[in-house]
Structures are given as C-alpha cells and as structure tokens.
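**Student:** the following block contains a protein sequence and its predicted model.
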Amino acid sequence: AQSVTQLGSHVSVSEGALVLLRCNYSSSVPPYLFWYVQYPNQGLQLLLKYTSAATLVKGINGFEAEFKKSETSFHLTKPSAHMSDAAEYFCAVSPRNSGNTPLVFGKGTRLSVIA
Amino acid sequence: GAVVSQHPSWVICKSGTSVKIECRSLDFQATTMFWYRQFPKQSLMLMATSNEGSKATYEQGVEKDKFLINHASLTLSTLTVTSAHPEDSSFYICSASRRRGEYSNQPQHFGDGTRLSIL
C-alpha cells in the first residue's frame, strides 16, 4: 500500500520569500512521485514528477523538488514566491508509471502569498 | 492545450435529478479512466477505475448503483449520478491514461472538473 502525508494544510509566505511544501511518502515498492497544482474550480496541473532518474526534479513555474529516499520525502520548493503561486498543491504517489494505476494523493496544502 | 475534456464544468439541479458527466480524451486513446471526487478543502478521493469495454471497479464505500460509469470507447467515459441529492454535491474530476507503450510525459491527464450542486 502507498500513502502520502503533506505536513501543513496551509502555508503562508511573503511575496519573494522561499516556498517550501512538505511531502512524505510511504511505499513498499520504488515509487513515482508527483506534485500537482490546483487553482480554484479547476482541475489538476502537473508541476513536476520523479520517475527514478535524477533525484532533483525541475518543474514548471520555477518549482523544483528533491527525492530523498533516506527521508522518504519529496518536498516542493521555489526560491521566490509570486502572487500567482497562491493555489492548492497536492503531492501524489504511484507504484509504477504504467498509467493504469490510480494516483494516491495527499490531503493538499493551500499556499497563500502575502504582498 | 487540454488533452482531456470534461463536460459540463458546472451543474446546478434539483434533488432527484440524474446528472451525466462526460470525460473525453481529445488526442489519444485512453485505456483507463479514473473518476475522483473532491469535497471542499479536501483531497481527491478515487471513486472508480474505468477500463474500456469492461465494468468499472469501484472503491470501497462508493455505491455502484448511485454512480454509474460507462466506458464504451477509448476516448469517452461517462459518470452518471443517479437521483442526486444535496449530499452528492461535490467537485468531480476525471483523468485518463494512455494505452500501454504509448509515450506520455505523465501517467494521467486530468480534466478540468465538474462542480455539481444539488438543491
């Protein structure tokens, strides 16, 4: 079984400050990990993914995440927050990248950016 | 551009009405489609997995007769909420995955969701 824990349901940062959204996973097999962003009343947009290649993954909009097996973590970071980054962020895990296995999502972290 | 189209985006209807939501893969054949439900300020919960040409597999606690899923073609899956009641009000999101062996940069492509409000 797989699971994802996102620490902090709400994170608030100042514009220009570092963004750090935490994600820890549990998996009995090597996982594939994803971060999605959701804006109000919209679907999910893939930010980045880890699929067993480089452990530091760069995504869209300046986000990146580092897979740390020893810590079972996949935290999302961005050096400088923009107002447009305010949204809900979901970490997700999959046992394999076949596409026929549903993703398991964390509970989400709402990011607020203060001017 | 969007590779998965979900329609309608917003539905408001009276209690007792049945509502059909469509999920279409626009430029690829989707062997598998997933239906998720999301309550306000909560995460996505998988409702069912839909494979083309076969019966959907429902997650525990999801009523099969309440949420009818049809995946008749490789580009279309539908979710019908039968005799909807206010407690069925939620945000429903579908996703589609390509056939095995087809190149994709992500395992699933998500629709934009359908907000269902039952009065």
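**Tutor:** Received the coordinates, thanks. Keep in mind that this is a model prediction, so the values were computed, not measured. Numbers count the residues shown, from 1 in each chain, chains lettered A, B, ... in the order given.

**Student:** sketch out the low-pLDDT regions of chain A for me.
**Tutor:** In the predicted model, chain A carries pLDDT under 70 at residues A:96-99.

**Student:** nearest to chain A: which residue in chain B?
**Tutor:** Evaluated by C-beta to the nearest C-beta, chain B has B:Ser97 as its residue closest to chain A, separated by 3.3 Å. (Glycine included, C-beta is placed from N, CA and C.)

**Student:** helix or strand for that residue, which one?
**Tutor:** Element membership of B:Ser97 [criterion: DSSP states H and E] is strand B:90-98.

**Student:** partner strands of the next helix or strand after that strand, parallel or antiparallel?
**Tutor:** Sequence-wise, the next helix or strand downstream of strand B:90-98 (DSSP H and E) is strand B:109-110. Strand B:109-110 has the following sheet partners, assigned by DSSP bridges: strand B:90-98 (antiparallel).

**Student:** roughly how far is the strand it pairs with from the heart of the chain?
**Tutor:** The chain centroid and the centroid of strand B:90-98 are separated by 5 Å, computed with C-alpha atoms, centre = their mean, to the nearest Å.

**Student:** what mean pLDDT does that strand have?
**Tutor:** Averaged across strand B:90-98, the pLDDT comes to 91.

**Student:** so what touches that strand?
**Tutor:** Strand B:90-98 is touched from outside by A:41, A:43-44, A:98-100, A:103, B:3-4, B:6, B:21, B:23, B:25, B:28-40, B:44, B:47, B:77, B:79, B:104, B:107-111, B:113-116, with contacts defined as C-beta atoms under 8 Å, 6 or more residues apart in numbering or on different chains.

**Student:** hmm, 6 Å instead?
**Tutor:** By C-beta atoms under 6 Å, 6 or more residues apart in numbering or on different chains, the surrounding residues in contact with strand B:90-98 are A:43, A:99-100, B:4, B:6, B:21, B:23, B:25, B:28, B:30, B:32-39, B:104, B:107-111, B:113-115.

**Student:** just those residues: which are in strands?
**Tutor:** B:4, B:6, B:21, B:23, B:25, B:30, B:32-38, B:109-110, B:114-115 (DSSP state E).

**Student:** now which of the residues you listed would you call buried?
**Tutor:** Buried residues within these, counting neighbours by 16 or more other C-beta atoms under 10 Å in any protein chain shown: B:4, B:6, B:21, B:23, B:25, B:30, B:32-38, B:109-110, B:114.

**Student:** just these now: which is nearest A:Pro79?
**Tutor:** When these are compared for distance to A:Pro79 (C-beta to C-beta), B:Phe110 comes out closest, at 27.1 Å.
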